[in-house]
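Participant: pasting a predicted model and its sequence here:
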Amino acid sequence: MPHRVQYSETIEPLVQFIEETPAGEIVDRTLAKLRAGVPLQTMLTASALAVTRSSDLPPGHHGGPLHPVAGVHAVSQLARRLEGEQRFVPIIQHVALSNRHINHPEMGPYNLMDFTPLDAGGVEATKAAFLHSVTRGETNKADHFFLWLWENIPAVEALDLLLTVAIPKNILDDHYFIYPAFTWRSAEALGREHLPVLMRPAVRYVTRFPRAPGIPEIEALLSEYDLLNCVTRMQTGDDETAAIGEVGEAIRACTNFADIPVMLAKALAGGLSLEGTGEAMSIGAAGLFLRSLTGNPMDVHLHTSANLRRYLLKLDGISLRNKILLLLLWHTGPEVKSTQRRMEATLQPDPAAVAALPPRSQEELLEAISQSIYDQPPTDWSKVTNLGLMRAVPEVKITVNLAQQYVDCGYDPDLLMKRLGEIVCRDNFTEMHAYKHHQAIVEEYYATRAPWRGMHLVAGAQAAAISHGKSMETYEGALELLHD
């Protein structure tokens, strides 16, 4: 008799708590459990497992387990950086989002069923059978095959196989790549033992119709520059600083995103390492994000996707072809590519506007940045018909210029990151996008060399200003109960 996936007796009761608690009680009761001693990572694990088992993927990319699972890494890391009961907030936000998706009529009731993995006749035959299922959109069958692969090949080899489908499909929707890649990262926080079940909806999502389109322009670059043979250097070094900066600045200033893969291919062919090319992409991503005029708080994939790709570039077991494609297809996601239609013509922030600001101490600037975010004008939702058409209000520039002044003064980056993290925790509108972007700017700041690293901090302030106040009901519901 078919039955739903069951978890170990140590976590199953907490998973059921998240699945079954009424939405109006989930914040208070989760906080009570955390205060009673349930470890943060245990609660986060239960939340991810609950939304994976009991929430279906709707036709698009909003809803189901996609964004809650994709946000696990960011939530886990942010909770570790916060202090006191503030560290509970990102966990509570995650549990509330999972609970909301589980009980939403577009996504539930739903059960992820347990079944026997399917062996097509050994490793290579099962890989081929999985890929054949992909061409036919047979998501259920692909799920069966992939469960067998998790048990019979190294996990990173299975990920690499899935990425051969997911990376080109990024052209159709950024989430085809983002979901499986972030799910892999989630296992760093939750434990590798949960990876096969967490990845099941991701496998089904990536393998559903439509099929990935061809990438003839990218294949032509692989051939023209002989990238699969000439790329031999993986790690970067101080000797690459000038070349990284040159490529990064070129991306930052570009107006036609179709030029980006050519820049990256030429850099690789010229001897720049894979990691160095990824760093140049990151610098360009930060610069383009700062030029973006978007007011949609979910339009952060330009930055978060670059961060995720840099992570995978360092992962042993990912094929050279997939690593090169990670770089050359970064610009193709619809939510990345659309940025080129709504950008400032010049590099941002405006140096003259920053120079005109009065001198401030570190603490004064932290308070000014925070207050400028709190003072962002409310959104008139009656005038919003399409999130993708939203434009940032002029007041966002106030935050951006103050953050640039903070960077220019050489003030403590950790203090600004902590303050932005506390602000980001208030968001429950973006389905974890704000959390993922915040984590990306923290990681990219420390993975990017001077003088470009500061752009990531400024971009983090810009994103916080755009997302703040859109919806904060979960935070406001918990605020009265929290201690400093």
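Facilitator: Ah, there it is. In this text the structure is predicted, and so the values were computed from the model without any measurement.
Participant: domain ranges for this structure?
Facilitator: 12-102, 123-207, 216-341, 351-379+388-479 (automatic domain parsing).
Participant: please convert those domains to JSON lines, extending it with distance to residue 2 and mean pLDDT.
Facilitator: From N, CA and C alone the C-beta is placed, and that goes for glycine too. Putting the domains of the chain into JSON lines (distance: least, CB to CB, whole Å; pLDDT from 0 to 100) gives the following:
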{"stretch": "domain 12-102", "distance to residue 2": "14", "mean pLDDT": "96"}
{"stretch": "domain 123-207", "distance to residue 2": "12", "mean pLDDT": "97"}
{"stretch": "domain 216-341", "distance to residue 2": "34", "mean pLDDT": "97"}
{"stretch": "domain 351-379+388-479", "distance to residue 2": "30", "mean pLDDT": "95"}
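Participant: out of those domains, which gets nearest to residue 112?
Facilitator: domain 12-102 (4.6 Å; CB to CB).
Participant: and that closest one, end to end?
Facilitator: Terminal residues of domain 12-102 are spaced 16 Å apart (CA to CA, to the nearest Å).
Participant: next one: stretch 335-353
Facilitator: End to end - CA to CA - stretch 335-353 spans 29 Å.
Participant: so who does residue 458 touch?
Facilitator: 286, 290, 349, 400, 403-404, 407 (CB atoms under 8 Å, 6 or more residues apart in numbering).
Participant: among the residues you listed, who's most crowded?
Facilitator: Neighbour count (other CB atoms under 10 Å) singles out residue 286 as the most crowded of these, with 31 neighbours.
Participant: helix or strand: which one has that one?
Facilitator: Assigned by DSSP states H and E, residue 286 falls within helix 274-291.
Participant: what angle sits between the helix or strand just after that helix and helix 274-291?
Facilitator: Going down the chain from helix 274-291, the next helix or strand is helix 301-313, by DSSP H and E. Taking axes from the mean of the first three to the mean of the last three CA atoms, to 10 degrees, one finds helix 301-313 and helix 274-291 inclined to each other by 170 degrees.
Participant: just the CA atoms of helix 301-313, as CSV, please.
Facilitator: Extracted C-alpha coordinates of helix 301-313, given in CSV (Å, rounded to 0.1, in the frame of the first residue of the first chain):
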residue,chain,number,x,y,z
HIS,A,301,19.0,36.7,-9.0
LEU,A,302,21.7,38.7,-10.9
HIS,A,303,23.6,38.7,-7.6
THR,A,304,22.6,35.5,-5.8
SER,A,305,23.1,33.4,-9.0
ALA,A,306,26.6,34.7,-9.4
ASN,A,307,27.3,33.8,-5.8
LEU,A,308,25.9,30.3,-6.2
ARG,A,309,27.9,29.8,-9.4
ARG,A,310,31.1,30.8,-7.6
TYR,A,311,30.4,28.2,-4.9
LEU,A,312,29.9,25.5,-7.5
LEU,A,313,33.2,26.4,-9.3
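Participant: quick check: buried residues in the helix or strand just after it?
Facilitator: Downstream of helix 301-313, the next assigned helix or strand under DSSP H and E is helix 320-328. Neighbour counts over helix 320-328 (16 or more other CB atoms under 10 Å) mark 321-328 as buried.
Participant: return the member of those nearest to residue 181.
Facilitator: Checking the buried residues of helix 320-328 against residue 181 with CB to CB, the nearest one is residue 326 at 9.1 Å.
Participant: let me see the contact set for the closest one.
Facilitator: Counting by CB under 8 Å, 6+ apart, residue 326 has contacts 167, 309, 312-313.
Participant: try residue 111
Facilitator: By CB under 8 Å, 6+ apart, the contact list for residue 111 reads 4-5, 53-54.
Participant: and the furthest pair within those residues?
Facilitator: Of all pairs in these, the most separated under CB to CB is 5 and 54 at 9.5 Å.
Participant: between the two, which one's more packed in?
Facilitator: Shown here are residue 5 and residue 54; by other CB under 10 Å, residue 54 has more neighbours (26 against 16).
Participant: which residues does the more buried one contact?
Facilitator: 19, 102, 108-112.
Participant: from the chain's centre, how far out does the host helix or strand of residue 141 sit?
Facilitator: Assigned by DSSP H and E, residue 141 falls within helix 139-152. Counting by CA atoms, centre = their mean, to the nearest Å, helix 139-152 is centred 25 Å from the centre of its parent chain.
Participant: thinking again about what came up before, can you redo the contacts of residue 111 as JSON lines with secondary structure and distance to residue 203?
Facilitator: Output for these, formatted as JSON lines (DSSP: H, G, I helix; E, B strand; the rest coil; distance: CB to CB, whole Å):
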{"residue": "4", "secondary structure": "strand", "distance to residue 203": "17"}
{"residue": "5", "secondary structure": "coil", "distance to residue 203": "14"}
{"residue": "53", "secondary structure": "helix", "distance to residue 203": "15"}
{"residue": "54", "secondary structure": "helix", "distance to residue 203": "18"}
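Participant: for residue 364, state which of the residues you listed is nearest.
Facilitator: When the contacts of residue 111 are ranked by distance to residue 364 (CB to CB), residue 54 comes first, at 48.1 Å.
Participant: state the distance from that closest one to residue 199.
Facilitator: The gap separating residue 54 from residue 199 is 17 Å, by CB to CB, to the nearest Å.
Participant: what of residue 46?
Facilitator: Counting by CB to CB - residue 46 and residue 199 are separated by 17 Å.
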